[in-house]
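# build me a model from this:
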Amino acid sequence: MKDLLEILKNNAYPGRGIVIGKNKAFYFIMGRSENSRNRVFELTEDGIRTKAFDPSKVKDPSLIIYHPVRKTDLGLIITNGDQTDTVADEGCFKKALMTREYEPDSPNWTPRISAVMYDNGSFDIAILKRNGEGCLREFFCYDGCDEDKGYFISTYVGDGSPLPSFTGEPIEVTMPSADEVWEALNCDNKVSLYAFDNGDVKLYNKNMGD
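Purely as a prediction, here's the structure:
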């Protein structure tokens, strides 16, 4: 098991990331461009949405404005794009994601990462990424995990041009506090963090002074 805080501290740009544990979850977004950094998380009736902090600076909302988290009859859905709505509407995690692919942001072709926490404690994680000229869809299904342990997946493994996509299985990691995760994220690139802990939700937004 690896130390989540060390992973984050040693990676200036993992992009967007999901950590799923036992009744706990984190989702964070980072940004390098003004457009990507111009965001905050905002609570909704069934989860959260991304929102432009300064609407006058929005250049392209298509890949930065979405509902990252939604609670439905299926479970707690967490993703890095509008595939959250696809899963919620379909009601089946794998079936929904089989209709989607990576983001159309050449040359990075950002992977779509997704997860769902079921009420029985089990959870699924998926990544959809470019593979040659097609899409590789990987699904990882867990019966659950021990207290203070989680599984981490991110869009990228570091900074670069183009950005290098995450590879391999989700990483088994420690589950620190939300404050520690927020502090560990690169101070220049971090934008927002969502933390779920046994039903309690906490949001962090750099643009709001957090």
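# least trustworthy helix or strand in the protein by mean pLDDT?
Lowest on mean pLDDT, DSSP states H and E among the helices and strands of the chain sits helix 34-37, with a mean of 91.
# tabulate the CA atom coordinates of that helix in PDB.
Only the C-alpha atoms of helix 34-37 are listed here, as PDB (Å, rounded to 0.1, in the frame of the first residue of the first chain):
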ATOM      1  CA  GLU A  34      -6.700  29.900 -17.300                       C
ATOM      2  CA  ASN A  35      -9.800  28.200 -18.600                       C
ATOM      3  CA  SER A  36      -9.200  25.000 -16.500                       C
ATOM      4  CA  ARG A  37      -8.300  27.000 -13.300                       C
END
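# list the buried residues for it?
35-37 (16 or more other C-beta atoms under 10 Å). Every C-beta, even on glycine, is put in place using the N, C-alpha and C of the backbone.
# I'd like the residues you listed as TSV, with distance to residue 184 appended.
Converted to TSV, the buried residues of helix 34-37 look like this (distance: C-beta to C-beta, whole Å):
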residue	distance to residue 184
35	24
36	19
37	18
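# from those residues, which single one is nearest residue 16?
Nearest to residue 16 out of the buried residues of helix 34-37 is residue 36 (C-beta to C-beta; 9.9 Å).
# give me the nearest residue to the closest one, chain neighbours excluded.
residue 64 (6.0 Å; C-beta to C-beta, 6 or more residues apart in numbering).
# please apply the same query to residue 74.
Nearest one to residue 74, counting by C-beta to C-beta, 6+ apart, is residue 91 at 5.6 Å.
# next up, the contacts around residue 193.
26-28, 41, 178, 181-182, 185, 203-204 (C-beta atoms under 8 Å, 6 or more residues apart in numbering).
# report the separation between it and residue 77.
17 Å (C-beta to C-beta, to the nearest Å).
# ok, now residue 37?
Distance from residue 37 to residue 77, by C-beta to C-beta: 25 Å.
# phi and psi next, for residue 195.
phi -130, psi 130 (degrees, to the nearest 10).
# show the pLDDT at it.
Note for residue 195: predicted pLDDT of 98.
# same question, residue 24
97.
# how much space separates it from residue 194?
12 Å.
# try residue 210
12 Å.
# neighbour-wise, which of those two wins?
residue 194 (22 against 14; other C-beta atoms under 10 Å).
# all strands for the chain, in order.
Per DSSP state E, the chain carries strands over the ranges 17-21, 24-30, 39-43, 47-52, 69-71, 76-79, 112-117, 123-131, 134-142, 149-154, 171-174, 190-197, 200-205.
# who's sitting farthest from the centroid in this protein?
residue 56 (25.6 Å; C-alpha atoms, centre = their mean).
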